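**Q** from the sequence below, what's the structure:
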Amino acid sequence: MAVSATPASASMLPDHLRAALDGAQTQVNSLVLGKPHEVRLAFVALLSEGHLLIEDLPGLGKTTLAHALAATLGLQFQRVQFTSDLLPADIVGVSVFDPQARRFEFHPGPIFTQVLLADEINRAPPRTQSALLEAMAEHQVTVDGTSHALPSPFFVIATQNPVDLSGTYPLPDSQLDRFLLRLALGYPGEDAERGLLAGADRRSLIAQARPLLTADDVIAARAAVTSVHAGDALIGYVQALLTRSRKHPGVRVGLSPRAGLALLRAARAYALLLGRSHVRPDDVQALFTAVAAHRLVPEADAGNDAALAKSILHAVPVD
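**A** From the prediction side, this is the model:
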């Protein structure tokens, strides 16, 4: 399939916002060393109005990335440590009766923030995990029949440890699908690890970080993402990936149309961060595993979902 170039759009980011986004990525990269691709993916999730799942071993920078993003963006930040005794009300809030006013007053929980770190999300029972579903999908929570809008922008960063599964509750497919991207940071390279060991404490550096973007900047950048062009041939390429996933060996459940929309939205944000007004196939390829792997359901003996996603990507050519 031929993927043609598209004329530049007139609705690219203003110069000051482009400079602010570039500076924000540079600052986060100075705090999370040696992970430029993963940092860019985090910004993709933010600008795509999606949410981010970081799945990795303890001590590899999951929480550092979340704190660095929040400090750089200048957004309200809350961290919730998910545990087996965490209740839904501990996250969304609770209605308390006011005897003087003779009515129930809603006391908002930590979810009423702009960046929420749900640390070790799979440690909490399913009922508590599901308290995030409405918030992530609708940007609101409902308590006692009353809906309460969440601040804008609203961005969830969740973490989980893929190895130590004792006492955990795996996220159901419906909740995994609410995360636009899943990524792993992995061990740092030799130079980056040397910089971490010889440098200042990350918490001190994050405390000194300057906010380089505002909530209005994030909202404006999100609006610009929607104007990034994806041509018919590019959309055909994404559709071919979806179709292949549904009949690929080793895949029990392939990608849904919603996964395709997520992939296109993320590719638009990726192109925007690279300074382009149109999406190219290599944008889709750079994102495919992070967007698709956690949405695939492998056969029992098919190996891990990331390997399947890479196999699907290699099976669909770009002409």
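**Q** could you list the buried residues of stretch 245-257?
**A** Going by neighbour count (16 or more other CB atoms under 10 Å), the buried part of stretch 245-257 is 245, 248, 250-251, 254-255. For the C-beta atoms, the positions are set from N, CA and C on the backbone; glycine is no exception.
**Q** which ones among the residues you listed are found in strands?
**A** Within the buried residues of stretch 245-257, residues falling in strands by DSSP state E are residue 251.
**Q** using TSV, lay out the buried residues of stretch 245-257 together with pLDDT.
**A** Listed next are the buried residues of stretch 245-257 as TSV, based on pLDDT from 0 to 100:
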residue	pLDDT
245	95
248	93
250	90
251	90
254	92
255	94
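**Q** between the buried residues of stretch 245-257, which is closest to residue 91?
**A** residue 255 (29.3 Å; CB to CB).
**Q** shouldn't the closest one be in contact with residue 295?
**A** Yes. Contact status for residue 255 versus residue 295: in contact at 5.7 Å, counting by CB atoms under 8 Å.
**Q** which residues make contact with whichever strand or helix holds residue 264 from outside it?
**A** According to DSSP states H and E, residue 264 maps onto helix 257-273. For helix 257-273, contacts defined as CB atoms under 8 Å, 6 or more residues apart in numbering pick out 12-13, 21, 25, 40, 43-45, 47-50, 177, 180-181, 221, 224-226, 228, 230, 234-235, 238-239, 241-242, 277-280, 283-284, 286-288, 290-292, 295.
**Q** for residue 255, give me its contacts.
**A** Per CB under 8 Å, 6+ apart, neighbours of residue 255: 241-242, 245-246, 292, 295-296.
**Q** hang on, residue 141 in a helix?
**A** No. Applying DSSP: H, G, I helix; E, B strand; the rest coil, one finds residue 141 to be strand, outside a helix.
**Q** I'd like to know how far it sits from residue 35.
**A** Applying CB to CB, to the nearest Å, the value for residue 141 to residue 35 is 32 Å.
**Q** for the closest residue to residue 290 other than its chain neighbours, what are its contacts?
**A** Nearest in space to residue 290, with sequence neighbours left out and distances taken as CB to CB, 6 or more residues apart in numbering, is residue 181 at 4.5 Å. For residue 181, the contact set (CB under 8 Å, 6+ apart) comprises 41, 44-45, 50, 52-53, 266, 287, 290-291.
**Q** let's see that with 6 Å instead.
**A** Listed by CB atoms under 6 Å, 6 or more residues apart in numbering, the contact partners of residue 181 are 41, 45, 52, 290-291.
**Q** you'd agree residue 129 is in a helix?
**A** Yes. With three-state DSSP as the criterion, residue 129 is located in a helix.
**Q** residues near it, how many?
**A** Using other CB atoms under 10 Å, residue 129 is surrounded by 23 other residues.
**Q** so the strand or helix carrying residue 25 versus helix 257-273, what angle?
**A** With secondary structure defined by DSSP H and E, residue 25 is part of helix 15-31. With axes from the mean of the first three to the mean of the last three CA atoms, to 10 degrees defining the directions, helix 15-31 sits at 100 degrees from helix 257-273.
**Q** and the most centrally placed residue in the chain, what are its phi and psi?
**A** In the chain, the C-alpha nearest the mean C-alpha coordinate belongs to residue 52, at 2.1 Å (CA atoms, centre = their mean). Backbone torsions for residue 52, taken as degrees, to the nearest 10, come to phi -120, psi 130.
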